[in-house]
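S.K.: Sequence first, then the predicted structure:
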4 protein chains.
Amino acid sequence: MPASYAYLGPEGTFTEVALRTLPETATRTLLPVVSVPAALDAVRNGEAEAAFVPIENSVEGGITTTLDELVAGAPLMIYREVLLDITFALLVRPGTRLSDIKSVTAHPAAQPQVRNWMKTHLAEDVVWESAASNADGARLVQEGRYDAAFAGEFAAERYGLEPLVTEIHDAENAQTRFVLVGKPARPAAPTGADKTSVVIWQREDHPGALMELLQQFAIRGVNLMLLQSRPTGKGIGNYCFAMDAEGHISDRRVAEALMGLKRACPQVRFLGSYPRAGVATKDVRPLRAGTSDDEFVAASDWLARCQDGRF
Amino acid sequence: MPASYAYLGPEGTFTEVALRTLPETATRTLLPVVSVPAALDAVRNGEAEAAFVPIENSVEGGITTTLDELVAGAPLMIYREVLLDITFALLVRPGTRLSDIKSVTAHPAAQPQVRNWMKTHLAEDVVWESAASNADGARLVQEGRYDAAFAGEFAAERYGLEPLVTEIHDAENAQTRFVLVGKPARPAAPTGADKTSVVIWQREDHPGALMELLQQFAIRGVNLMLLQSRPTGKGIGNYCFAMDAEGHISDRRVAEALMGLKRACPQVRFLGSYPRAGVATKDVRPLRAGTSDDEFVAASDWLARCQDGRF
Amino acid sequence: MPASYAYLGPEGTFTEVALRTLPETATRTLLPVVSVPAALDAVRNGEAEAAFVPIENSVEGGITTTLDELVAGAPLMIYREVLLDITFALLVRPGTRLSDIKSVTAHPAAQPQVRNWMKTHLAEDVVWESAASNADGARLVQEGRYDAAFAGEFAAERYGLEPLVTEIHDAENAQTRFVLVGKPARPAAPTGADKTSVVIWQREDHPGALMELLQQFAIRGVNLMLLQSRPTGKGIGNYCFAMDAEGHISDRRVAEALMGLKRACPQVRFLGSYPRAGVATKDVRPLRAGTSDDEFVAASDWLARCQDGRF
Amino acid sequence: MPASYAYLGPEGTFTEVALRTLPETATRTLLPVVSVPAALDAVRNGEAEAAFVPIENSVEGGITTTLDELVAGAPLMIYREVLLDITFALLVRPGTRLSDIKSVTAHPAAQPQVRNWMKTHLAEDVVWESAASNADGARLVQEGRYDAAFAGEFAAERYGLEPLVTEIHDAENAQTRFVLVGKPARPAAPTGADKTSVVIWQREDHPGALMELLQQFAIRGVNLMLLQSRPTGKGIGNYCFAMDAEGHISDRRVAEALMGLKRACPQVRFLGSYPRAGVATKDVRPLRAGTSDDEFVAASDWLARCQDGRF
């Protein structure tokens, strides 16, 4: 039985394009599924080796469905991340002109990324309707239900459409971050440009409670890259926090910070350590003095000497 | 011309029910509009005196559309908040039995709140389709498109349906928080149980950067009730933070904390001080020693005496 | 050759009384020496097994000579501490009455502890002259050089004097803390009511520099009992800090805090972990949640499981 | 009646030399007194306009007598500080050679500053005896009681001695800091290179208690230059803290920090804001972003606009 990766389908979306940047996909069966929960459940129940889903984008922020699925249920782990530049094409049936377009469709997530472009380039009375996915929008254009769809340019061929306009994106630097998620396993070896994801629940709510948890990172020179609050389901105002920190769980400063959180919090869920996409090791910011592994080892040696009376 | 409040429509949703808990709605025209942006734009362009929109719920967390609309564009201000317990009824055409139901509909936000109930009480092959709003779902049931709709019990009468099951909610304590938003104005007087909302942008990203901003609250004994990261639109990983803090901008501890943030951040947007819904003044937690207005005044007097050499 | 303890002499001082509270002195030769540096040098050059010297008192604070000698030179370690209530007797030659007293003497350190008593009970024109030690003051009274000496009541018999007044102490709770200091050795086993002494040098001087070092203790729930700045000898305004922290170097929270200081500081000198005098284990304040050894071990186990992918 | 300054005498000491660097001494009567308490009492009881006393030196650290007198009793205020390089001369009767010297004297504070020089340049059996002051030591040499005295070179002429060796100082950069102390008055105008002195008492003793107080400075970008613990007289281990902070009480960041301490502490004693000796305004380190008076004013304006609804 060949190993398989489930991914948020259908085929022909940005997710598939991002997934195919992973070299190992050449030897995997890729299974499009209908939702993020379905993708992660496929991993949990053993139907897939891993799932590939979006987790953050530059317009919407954290993808809450993905975060909530990772926060709850049987533990999963992030193995890899992929960053993809997001730029839309306006796909039409061959022969359609801009002025012919009366209706457009796409996944709702596309709307904030093309809204300004639409105002400038399409007629004011053009109707927008949501599709289940950008690929599905393209299919509906193929079927004649709408005149145009916003989707990745790569979707044109599959649906017999042509890209009337390309490189559409309201915001510069629009990107989506995807993660490959699997069952808990030994994290990939550190590369020097790594990221660690974790979810924490607070013990109590007092002035400074969250600040004290962030101190666990700060005092050890670990930079936070993402802090996303998610409801715990225990009523309004009750949140847990998904965090991405620079560094790898095998880095001593990260390991000690995680243990500090573990002691300070009623619950901590480790979500993985993995290479940062889009950052070369040489471009990682220098460590703050006193936080390198060498310095941790030296301090540990010193402590042992003190404990043994050899100083 | 009578003053009007725009609200996220259509009629017959939880939003309208929450809005009608405000006494002044008796003397206002209530305008349902199609989206949160439309509601806020109605305020910005003077078509409405205020807009009433959901901002947080216990299942989804912060309502990102609302937050993003408040974070960007012409400044607006939160005047009031309303908390509403969310519990669903299963609305059907009269005579329909549970076993007759083959298809259900509701707004997608309802799904996580009824999913478990559905698994237990409806057949496995029942089809779920999304509606534009819960009220719209009810209308579609009235029209015969679906067999049942999840919506507020109050929507039954309007659409000639009957509530087959009531009090459906997967999570205990399911609530939604709504805000009444208007143009900048002098905040309502403090009640002793107030909340202050603000959005901050960070100056730079270094280990401890966010922690240092939270210290502005912690050192002055101000409790944070909500911390929600939202993308700045400057590329992935760039976030601003919407925060709700206990207290009122006219409380000295809150005022000083806000000024501290203003100095420490390149940008701060004040979103208002307003009474906390669901909390009586007597139930507000006691202030930490040294953070009451009286103590601020006493310290200020002491400083003046020191500066004048009278000590 | 019998083991010997050097102590700040001469015989008949509070130091000797405090030293004799240690049971093992029954089997040691006790060597009075002329100064704290002489006592510590006796240890450093092997002439004594340990030195017993005052380190802190409730009137003068830290004894700077002792601190400076511990901070510099070959490393030494505190083995034990002893707390002694300090109360003076006014020693006179037999037959002397209060009204006969024209001159008094004592070690300068006694002066702040008897000054108010003198104002109330002795004539205004009584002359005070300093003695090299309280015992030496008693000797000078015996020789007729002065009319009275402030010293411990225990010194009366040795010098043929009588205690005219006893229990003299301006301040309530006047105590002196003494330490038994030896060469670096494995610290005594933890008792549950322990203290750890350390000296740190700062890396750089910026707003918050010292605060960041104190955070190393605070974040791990370790209470500071003493913070004493001492000049580094590198020019005015350059200080190192002698600190006493609650707990033992074998307590995980203390060990981790010490390693944190070691990494953050250019130099750290461990001065020992030893039982706290005057505090029963049952009276030690409860640990802050998340800082016990058990919780450190549990967090460490959790980390190992995360690193191994077993979670 | 001419205004007078009391100073720690006798004449011919470093204190007098430091005092005479103040231009206004030309028009003041200078009164040598026997002790620091006597000098400060002369101010408190109106006999002197101000008192000039040492407060810190690079070998001994804070001068505890001076600190303790400022901490307790009727409030006083530091008006000015003076830094003086300390270097000793070996004063002898004319004709004395180095090899003739069998006994030396000086104030005990001189000893740590000449100890190493003595080891190298004088015979091992030379006797050291303490004098009440360096000037008094010189007088005793004049009278023939000792062969040599360590004192300032300037003392030679007054006592008919000659400086056999000059520029004696074990440590580089040996300096003493003196302060001119008077009754509470409006502090001198800020110069841009100022210092503020304050004493704080802690409210309670818990892990992080002192750290939280230091945060009051750190969060506002105020650098601490001195932190000196002094016993409160309430028993061993009870300390207050004398602190010197960069900046002037009229600097907004310093004022706000002081008020923060005032609220957080049961007692705070302001000891004055005054120009820093030895530092030109241009050499003061740049302020941290967000802590200048302009930024405080801008933040205050912003707050007022928020409170008024004009934003």
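M.R.: Everything's here; your move.

S.K.: only C-alpha atoms for contact and neighbour calcs from this point on.
M.R.: Will do.

S.K.: Could you report the neighbour count for the closest residue to chain C within the stretch 151-300 of chain A?
M.R.: Ranked by CA to the nearest CA, the top residue of the stretch 151-300 of chain A for proximity to chain C is residue A:185, at 3.7 Å. Residue A:185 has 18 neighbours, counted by other CA atoms under 10 Å in any protein chain shown.

S.K.: residues contacting the closest residue to chain D within the stretch 51-200 of chain A?
M.R.: Residue nearest to chain D within the stretch 51-200 of chain A: residue A:200 (23.0 Å; CA to the nearest CA). Taking CA atoms under 8 Å, 6 or more residues apart in numbering or on different chains as the criterion, residue A:200 is in contact with A:240, A:241, A:242, A:243, A:261, A:265, A:267, A:268, A:269.

S.K.: residue ranges of the helices in the stretch 101-250 of chain A, please?
M.R.: Assigned by DSSP state H, counting those that start in this stretch, the stretch 101-250 of chain A shows helices spanning A:111-121, A:134-142, A:155-158, A:209-218.

S.K.: now these in JSON lines, with mean neighbour count?
M.R.: Formatted as JSON lines, the helices of the stretch 101-250 of chain A follow (neighbours: other CA atoms under 10 Å in any protein chain shown):
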{"stretch": "helix A:111-121", "mean neighbour count": "15"}
{"stretch": "helix A:134-142", "mean neighbour count": "25"}
{"stretch": "helix A:155-158", "mean neighbour count": "18"}
{"stretch": "helix A:209-218", "mean neighbour count": "21"}
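
S.K.: For residue C:68, which of these is the nearest?
M.R.: helix A:209-218 (33.0 Å; CA to CA).

S.K.: what residues does that closest one touch?
M.R.: Applying CA under 8 Å, 6+ apart, the contact partners of helix A:209-218 are A:202, A:223-224, A:254, A:257-258, A:260-261, A:264, B:207-208, B:210-211, B:214-215, B:218, C:219.

S.K.: Those residues in strands, which ones?
M.R.: Within the contacts of helix A:209-218, membership in strands is found for residue A:224, as judged by DSSP state E.

S.K.: Show me which residues of chain A are close to chain C?
M.R.: The interface of chain A toward chain C, taken as CA under 8 Å from any CA of the partner chain, is made up of A:75, A:184-187, A:212, A:215-216, A:219, A:249-250, A:255, A:258-260, A:262-264, A:270, A:289-291, A:295-296, A:299-300, A:302-303, A:306-311.

S.K.: Can you tell me which residue is spatially central in chain A?
M.R.: Taking CA atoms, centre = their mean, the centroid of chain A lies closest to residue A:55, which sits 2.6 Å from it.

S.K.: How far away from the center of its chain is stretch A:78-87?
M.R.: The gap between where stretch A:78-87 is centred and where its chain is centred comes out at 7 Å by CA atoms, centre = their mean, to the nearest Å.

S.K.: Skipping adjacent residues, who's closest to the residue of the stretch 151-300 of chain A closest to chain C in space?
M.R.: In space, and not counting its chain neighbours, residue A:185 is closest to residue C:309: 3.7 Å by CA to CA, 6 or more residues apart in numbering or on different chains.

S.K.: Would you mind listing what in the stretch 201-311 of chain A touches chain B?
M.R.: Contacts of the stretch 201-311 of chain A with chain B, taken as CA under 8 Å from any CA, map to A:205-208, A:210-211, A:214-215, A:217-219, A:221-238.

S.K.: mind listing what the residue in the stretch 201-311 of chain A positioned nearest to chain C touches?
M.R.: Taking CA to the nearest CA, chain C has its nearest neighbour within the stretch 201-311 of chain A at residue A:309, 3.7 Å off. Each residue near residue A:309 by CA under 8 Å, 6+ apart is listed here: C:184, C:185, C:186, C:187.

S.K.: Pick out whichever of those sits closest to residue D:42.
M.R.: For these, the residue nearest residue D:42 by CA to CA is residue C:184; the value is 49.4 Å.

S.K.: Isn't the closest one up against residue C:76?
M.R.: Yes. With contact defined as CA atoms under 8 Å, residue C:184 and residue C:76 form a contacting pair (5.5 Å).

S.K.: which of these two has more neighbours?
M.R.: Per other CA under 10 Å, whichever of residue C:184 and residue C:76 has more neighbours is residue C:76, with 25 against 22.

S.K.: Check the gap between the closest residue to that one other than its chain neighbours and residue B:260 for me.
M.R.: Excluding the flanking residues, the one nearest residue C:76 by CA to CA, 6+ apart is residue C:183, at 4.8 Å. In this view, residue C:183 and residue B:260 are 50 Å apart by CA to CA, to the nearest Å.

S.K.: Without its sequence neighbours, what residue ends up closest to residue A:127?
M.R.: Among residues not flanking residue A:127 along the chain, residue A:103 sits closest, at 4.5 Å (CA to CA, 6+ apart).

S.K.: Name the spans of the stretch 1-150 of chain A whose pLDDT lies under the cut-off.
M.R.: Applying pLDDT under 70 to the stretch 1-150 of chain A flags the ranges A:1-2.

S.K.: Same list, the contacts of residue A:309, but as a markdown table with pLDDT please.
M.R.: As requested, the contacts of residue A:309 are exported to a markdown table (pLDDT from 0 to 100):
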| residue | pLDDT |
| --- | --- |
| C:184 | 97 |
| C:185 | 97 |
| C:186 | 97 |
| C:187 | 97 |
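
S.K.: okay, the residues you listed in TSV with distance to residue A:22 next?
M.R.: Shown next, in TSV, are those (distance: CA to CA, whole Å):
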residue	distance to residue A:22
C:184	57
C:185	56
C:186	54
C:187	55
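
S.K.: Let me know the closest of the residues you listed to residue D:85.
M.R.: Of all the contacts of residue A:309, the one with the least separation from residue D:85 (CA to CA) is residue C:184, at 37.4 Å.

S.K.: Count the residues that sit near residue A:311.
M.R.: By other CA under 10 Å, neighbour count at residue A:311 equals 19.

S.K.: try residue A:69
M.R.: With other CA under 10 Å as criterion, residue A:69 counts 17.

S.K.: packing partners for the host helix or strand of residue A:65?
M.R.: Per DSSP states H and E, residue A:65 falls inside helix A:64-71. Applying 3 or more CA pairs under 8 Å, 6 or more residues apart in numbering or on different chains; DSSP states H and E, one finds that helix A:64-71 makes contact with helix A:36-44, strand A:50-57, strand A:224-231.

S.K.: quick one, the second one and helix A:36-44 angle?
M.R.: Our comparison of strand A:50-57 with helix A:36-44, counting by axes from the mean of the first three to the mean of the last three CA atoms, to 10 degrees, yields an angle of 140 degrees.

S.K.: which other helices and strands contact strand A:50-57?
M.R.: If contacts are counted by 3+ CA pairs under 8 Å, 6+ apart, strand A:50-57 sits against strand A:4-8, helix A:14-19, helix A:36-44, helix A:64-71, strand A:175-182.

S.K.: Could you rerun that using 7 Å?
M.R.: On a contact count with 3 or more CA pairs under 7 Å, 6 or more residues apart in numbering or on different chains; DSSP states H and E, strand A:50-57 meets strand A:4-8, helix A:36-44, strand A:175-182.

S.K.: Kindly report the same for the first one.
M.R.: When contacts are defined as 3+ CA pairs under 7 Å, 6+ apart, helix A:36-44 sits against strand A:4-8, strand A:50-57, helix A:64-71.

S.K.: Could you do the last one as well?
M.R.: Packed against strand A:224-231 by the contact rule (3+ CA pairs under 7 Å, 6+ apart) you find strand A:239-246, strand B:224-231.

S.K.: If we use 8 Å, what do you get?
M.R.: Judged by 3+ CA pairs under 8 Å, 6+ apart, strand A:224-231 is in contact with helix A:64-71, strand A:239-246, strand B:61-62, strand B:224-231.

S.K.: How is chain A partitioned into domains?
M.R.: Here chain A is described, according to automatic domain parsing, as comprising the domains A:1-86+A:174-185, A:88-168, A:186-311.
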